[in-house]
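Asker: based on what follows, work out the 3D shape:
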Amino acid sequence: MNTHSYELLHGPGPGEIRAWIKGVPLEESARAQLQNIAALPFVGPWVAVMPDVHLGKGATVGSVVPTRGAIIPAAVGVDIGCGMAAVRTTLRASDLPDNLAQLRSSIERGVPVGNGGGGEHRKIPEDHETRIAESGLFARLEAIKAKHRNIRTDKLDRQIGTLGGGNHFIEICLDETGAVWVMLHSGSRGTGNLIGSYFIELAREQLAQRVLGFSLPDKDLAFFLEGEPLFDDYVEAVSWAQDYARHNREAMMAQVLREMRHRLPKFQLEKMAVNCHHNYVQRETHHGESLLVTRKGAVSAREGELGIIPGSMGTASYIVRGKGNADSFHSCSHGAGRVMSRTAARQSITLAQHREATAHVECRKDKAVIDESPAAYKSIDAVMAAQTDLVEVVHTLRQVICIKG
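Answerer: Okay, the predicted model is just below:
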């Protein structure tokens, strides 16, 4: 009798795929993409698929890809180190003003949002400069640039503590007890994007010189092999971007809290705080093997480890505790997962529908964020129900302010 909650999409055996997708949709294109990556000889012992799975660029979003002796830059992607941070405050719902527009505007002035020049600091805050100096980030990036001249260093300081665009957000939330939380979602910004794009292209160039004894159906699956200089260079660069992403979230969180202190009653931070990646790669031991584990839209969920699974801009989000499920390589979903492409969302979701779905949230109600409307995402309730053996819910959050770039 099968006591597992996952479904076998392929296998058992070579190319095995274990998927936690009960009650949630899986596109055929995403299924085919998963089969392509799982079939690679250095991938295994299997690929784990989270319930927020959907087609991605390079590799499937919502997948956990373990590799032996090789690394696939496009599986990590270009938003390296993208992830979540959340902190609970001593504020209560009653401490918030009835009209949250001024608080939202204050945060948007304090934290640059969006892409392009408007999403960067015009004048770098002093505490951000101190953070960069003490972190060693600049010296490490210069060392990477010394080997790879195309890597730029000019955006490092201008973008630390900034949000970016797309699905990145800052939220003020209430949990089931009425406690006020701050939650945000961002990554390594322009520098991480450049690092990802640069090494993906190098892997493709390297692929053209390789003599393969197997089929590689997609050039996005180009890889570096352990022992090659570019393997080590990529690991160094991706590790830098992941560290930068964590610092970016910490700097942003500090600025949001500063803006809140200007407009709200005095408060303290409680011990409950989380800062986790969901687009990253690191070496881990699973089933007695040392593996390079790439989580593309997935969160580490070791036993007792706290994580964050956000919904969309009008639905619940969750602080979770990992159950250390070995079948998933100690992982869980990173969110609800898209059910519509951005293009499809813009074509099918009306402004009236978006405004109705976000009526309870102080947020943007314009056409530019239609592709982030709740209808563009899977049901977060269904996603959570499909992974009850991966995590347990610690807190349920609902946003009252949502800031998008």
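Asker: what's the first helix or strand after the longest helix anywhere in the chain?
Answerer: In the chain, taking DSSP state H as the definition, the longest helix is helix 229-263. With elements assigned by DSSP states H and E, the helix or strand that comes after helix 229-263 is strand 269-277.
Asker: helix 229-263 and that next one, what's the angle between them?
Answerer: 150 degrees (axes from the mean of the first three to the mean of the last three Cα atoms, to 10 degrees).
Asker: for strand 269-277, buried residues please.
Answerer: 272, 274-277 (16 or more other Cβ atoms under 10 Å). Bear in mind the C-beta positions are built from the backbone N, C-alpha and C, glycine included.
Asker: CA atoms only for that strand, dumped as CSV, please.
Answerer: In CSV, the C-alpha atoms belonging to strand 269-277 read as follows (Å, rounded to 0.1, in the frame of the first residue of the first chain):
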residue,chain,number,x,y,z
LEU,A,269,10.3,43.1,17.4
GLU,A,270,9.4,39.6,18.6
LYS,A,271,11.7,36.6,18.3
MET,A,272,9.7,35.2,15.4
ALA,A,273,11.6,36.2,12.3
VAL,A,274,12.4,34.3,9.1
ASN,A,275,14.7,35.0,6.1
CYS,A,276,14.8,32.3,3.5
HIS,A,277,15.8,31.8,-0.1
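Asker: for it, what is the distance to the chain centroid?
Answerer: Its chain's C-alpha centre and that of strand 269-277 lie 16 Å apart, by Cα atoms, centre = their mean, to the nearest Å.
Asker: just stretch 66-85 next, same as before
Answerer: Relative to the centre of its chain, stretch 66-85 is centred 10 Å away, using Cα atoms, centre = their mean.
Asker: got the end-to-end distance for that stretch?
Answerer: Using Cα to Cα, to the nearest Å, the end-to-end distance of stretch 66-85 comes to 25 Å.
Asker: can you check stretch 325-332 too?
Answerer: 9 Å.
Asker: can you tell me what sits against that stretch?
Answerer: 4, 6, 18, 20, 48, 50, 64, 66, 284, 286-287, 291, 293, 295, 298-303, 305, 307, 309, 320, 322, 324, 387, 389-391 (Cβ atoms under 8 Å, 6 or more residues apart in numbering).
Asker: if you set the cut-off to 7 Å instead, what comes out?
Answerer: 4, 6, 18, 20, 48, 50, 64, 66, 286-287, 293, 295, 298-302, 307, 309, 320, 322, 324, 387, 389-391 (Cβ atoms under 7 Å, 6 or more residues apart in numbering).
Asker: give the buried residues for that stretch.
Answerer: By neighbour count with 16+ other Cβ under 10 Å, stretch 325-332 contains the buried residues 325, 327-332.
Asker: and these, which two are furthest apart?
Answerer: Largest separation among these by Cβ to Cβ: Asp327 and Cys332, giving 11.9 Å.
Asker: the longest strand along the chain - contacts with which helices or strands?
Answerer: Counting by DSSP state E, the longest strand found in the chain is strand 391-404. If you count contacts as 3 or more Cβ pairs under 7 Å, 6 or more residues apart in numbering; DSSP states H and E, strand 391-404 packs onto helix 101-110, strand 169-174, strand 317-322.
Asker: give the pairing partners of the second one; include direction for each.
Answerer: So that's strand 169-174. strand 179-186 (antiparallel), strand 391-404 (antiparallel) (DSSP bridges).
Asker: which residues touch that strand?
Answerer: The contact list for strand 169-174, computed with Cβ under 7 Å, 6+ apart, reads 93, 107, 111, 163, 180-185, 256, 313, 317, 397-404.
Asker: try it again with 8 Å
Answerer: The contact list for strand 169-174, computed with Cβ under 8 Å, 6+ apart, reads 93, 96, 100, 103, 107, 111, 113, 163, 180-185, 252, 256, 260, 310, 313, 317, 397-404.
Asker: mark which of these are buried, thanks.
Answerer: 96, 100, 103, 107, 111, 113, 163, 180-185, 252, 256, 260, 310, 313, 317, 397-404.
Asker: how many neighbours does the closest residue to Leu8 other than its chain neighbours have?
Answerer: Excluding the flanking residues, the one nearest Leu8 by Cβ to Cβ, 6 or more residues apart in numbering is Arg18, at 6.3 Å. Arg18: 24 surrounding residues under other Cβ atoms under 10 Å.
Asker: pLDDT score for Arg18?
Answerer: In this prediction, Arg18 carries a pLDDT score of 98.
Asker: do the same with the one 10 residues further on
Answerer: Per-residue pLDDT puts Glu28 at 96.
Asker: cool, the one 4 residues further on as well?
Answerer: On pLDDT, Ala32 comes in at 96.
Asker: do the same with the one 10 residues further on
Answerer: According to the prediction, Phe42 has pLDDT 97.
Asker: would you check that it makes contact with Pro66?
Answerer: No. Counting by Cβ atoms under 8 Å, Phe42 does not reach Pro66; the two are 9.5 Å apart.
Asker: of the two, which one has the most company?
Answerer: Between Phe42 and Pro66, counted using other Cβ under 10 Å, the more crowded position is Pro66 (21 against 16).
Asker: now for the residue nearest to Leu8: which residues touch it?
Answerer: Per Cβ under 8 Å, 6+ apart, neighbours of Arg18: 4, 6-9, 11, 46-49, 327-328.
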